[in-house]
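next one to model:
(chains A and B)
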Amino acid sequence: MINFSLPPLPEEEVDARLADMDRLGSRDYAEIGVPMFLVAEDLTGHAPRRIAHDGTGRILALLLAEGVEALRTRRPDLDADDIARLIEALADRHFLSLATPAFSRATDLHPAAEAG
Amino acid sequence: MDAGALVRAFATGAPVHAVNFHNTPRHRAAEYDRELAALAERFVAATEDDLATYLATGDWPRRRPGVVIALYNGYRNNFDVVRPLLEKHGLHGWFFVASGYVDCPPDEQLAFGAAHALRTVKDEYPDGRYALGWDEIRTLERAGHVIASHTRSHTRVALDDAAALEAEIVGSQADFVRELGHPVRAFAWLSGGAYGENPLADAAVDRAGYEFLFSNFRIQRLPGAPDLRPGA
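Have a look, this model is predicted:
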């Protein structure tokens, strides 16, 4: 088993991310489209345990965990608004990149491929 | 705020791409047009059935990834400005409507908006009607857009106020049944919590018969929703 942990973000990277969150927060939310990632959950009790086969959820979980730990070094008592702004910043950066098909399934690259 | 729980939810759950709009004034139409064009290149607009299938079976039923394009509050300019752009790009929106705003007489809508955190664009509509009309909502639904509830009056209510919860959650559904002839499937809080956080609110959501609850971080398919597994 590989046991790993990422080194903490450098201070300047934390500063940059906080600045980015402030920049996003200063926009006119009432009139713009704001990308977000939401967790979809089935509470019916008869859904499969495993979904999101492309691993997007795990990528987002790692990014969110890293962001939370970095933010906590500056704001120990994170509230829901901080978390929302953090996810919003992740969405601003990764919303489109996490929606691209796998290289081998990209129909513009491989027209004969059966895109899944 | 349990950030760890949210990290685990992303790791084990299904992330959904969503883009949230509120007021959509005409002076930003070109910007909306470009954004919707970019979304249409990469995504398919998710339907309620898509989400239900995704969560019930574990399989996303469409070839391209899905996006929920949400328009909150029930603004008239959502219909006038964004609806044509959505349809131009082969997309559809989820129109989360505060039903009481729609029911409010036009000459009272500016005051209603000011009292209920509903921002309006000054002098945008000389006739005073800033909210969607029910005819427009029916038109949206016929065109394949999703109509959903965003409470009745867009008011933040105390979660221990049973009467207010009933009015905002169950009462709003009754408004949609009266005007559309059927209940809507999705409900979104005004900056509200998830299902499972407050028994009174949960009970009202159950009584109203919603299938989906949108909250700050989650889209939940609720316990009373049908079992869609093959053979179920």
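
where does chain A have low pLDDT?
When residues are selected by pLDDT under 70, those of chain A lie in A:48-53, A:113-116.

same thing but 80
Across chain A, the ranges flagged by pLDDT under 80 are A:1, A:3-4, A:6, A:47-54, A:101, A:105, A:107-108, A:112-116.

separation between residue B:31 and residue B:38?
11 Å (C-beta to C-beta, to the nearest Å). Backbone N, C-alpha and C define where each C-beta goes, glycine included.

and for residue A:54?
20 Å.

what do you get for residue A:38?
Counting by C-beta to C-beta, the gap from residue A:38 to residue B:38 is 19 Å.

those two: who's more crowded?
residue A:38 (25 against 13; other C-beta atoms under 10 Å in any protein chain shown).

tell me where the chain has strands.
Defaulting to chain A. Using DSSP state E, the strands of chain A run over residues A:34-42.

the intended chain is chain B.
Using DSSP E, strands in chain B cover B:14-21, B:44-45, B:66-73, B:94-97, B:146-149, B:186-188, B:212-214, B:218-221.

check those for me and report the most buried one.
Highest mean neighbour count among the strands of chain B (mean count of other C-beta atoms under 10 Å in any protein chain shown): strand B:94-97, with a mean of 28.

and that strand, which strands flank it?
Strand pairing for strand B:94-97, using DSSP bridges, gives strand B:66-73 (parallel), strand B:146-149 (parallel).

rebuild those as TSV, extending it with mean pLDDT and distance to residue A:95.
Listed next are these as TSV, based on pLDDT from 0 to 100; distance: least, C-beta to C-beta, whole Å:
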stretch	mean pLDDT	distance to residue A:95
strand B:66-73	97	9
strand B:146-149	98	20
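
count of neighbours near residue 22?
Since no chain was named, I'll use chain A. By other C-beta under 10 Å, 11 other residues sit near residue A:22.

oops, wrong one, chain B.
Residue B:22 has 21 nearby residues by other C-beta under 10 Å.

which of the strands of chain B sits closest to residue B:87?
strand B:44-45 (10.7 Å; C-beta to C-beta).

partner strands of the closest one and their direction?
Partner strands and pairing direction for strand B:44-45 (DSSP bridges) are strand B:66-73 (parallel).
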